[in-house]
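Visitor: Predicted model and sequence follow; I will ask about them next.
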Amino acid sequence: MRSRDLSARYSYVYIYPFRAYYNCESNVIGAKGLTAFNVTYDDLSATTGIDLITKDAASSLAIQSIAGGLVLRANNDVDVKIFSSSGQPIFAKSLKMGQQTELSLTTGIYVVNGKKVAVY
């Protein structure tokens, strides 16, 4: 299907991964009718925030964000998995109860065992 064939007669259009399309609702033909457009990557109503990480009694892993990295301390035996914000695995290790490790990481957002963590 060509982009000029997209119209209101379709109730939905399947877009292949890493592809995009735009719909210009203007009476002007060509690029002059398009002045701006928005890009939406996902459902914006389901965004999540980054909360302060607190140590609670039920948590098996204490996470502390420090300048240039993270300090991880196991309150129980735990498997630690860290992913970058783009989903790439960064770190994976099993920690024994009481074991502590310090990681050097670049500034960014990471997911540590399902929790978002900011490294500054």
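Guide: Nice, I can see it. Keep in mind it's a predicted model, so treat the numbers as computed, not measured. Numbers count the residues shown, from 1 in each chain.
Visitor: For the strand or helix carrying residue 65, C-alpha coordinates in PDB please.
Guide: Per DSSP states H and E: residue 65 is located in strand 61-66. What follows is strand 61-66, C-alpha atoms only, in PDB (Å, rounded to 0.1, in the frame of the first residue of the first chain):
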ATOM      1  CA  LEU A  61      17.700  -6.100  47.100                       C
ATOM      2  CA  ALA A  62      18.700  -2.600  48.400                       C
ATOM      3  CA  ILE A  63      19.600  -0.300  45.500                       C
ATOM      4  CA  GLN A  64      21.400   3.000  46.100                       C
ATOM      5  CA  SER A  65      22.100   5.400  43.200                       C
ATOM      6  CA  ILE A  66      25.500   7.100  43.600                       C
END
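Visitor: List the buried residues for it?
Guide: Using 16 or more other Cβ atoms under 10 Å as the test for burial, strand 61-66 gives 61, 63, 65. The way it works is simple: take the backbone N, C-alpha and C, and place the C-beta from them, glycine included.
Visitor: Please name every helix or strand in contact with the helix or strand following that strand.
Guide: Downstream of strand 61-66, the next assigned helix or strand under DSSP H and E is strand 69-74. With contacts taken as 3 or more Cβ pairs under 8 Å, 6 or more residues apart in numbering; DSSP states H and E, strand 69-74 sits against strand 61-66, strand 78-84, strand 100-104, strand 108-112, strand 115-119.
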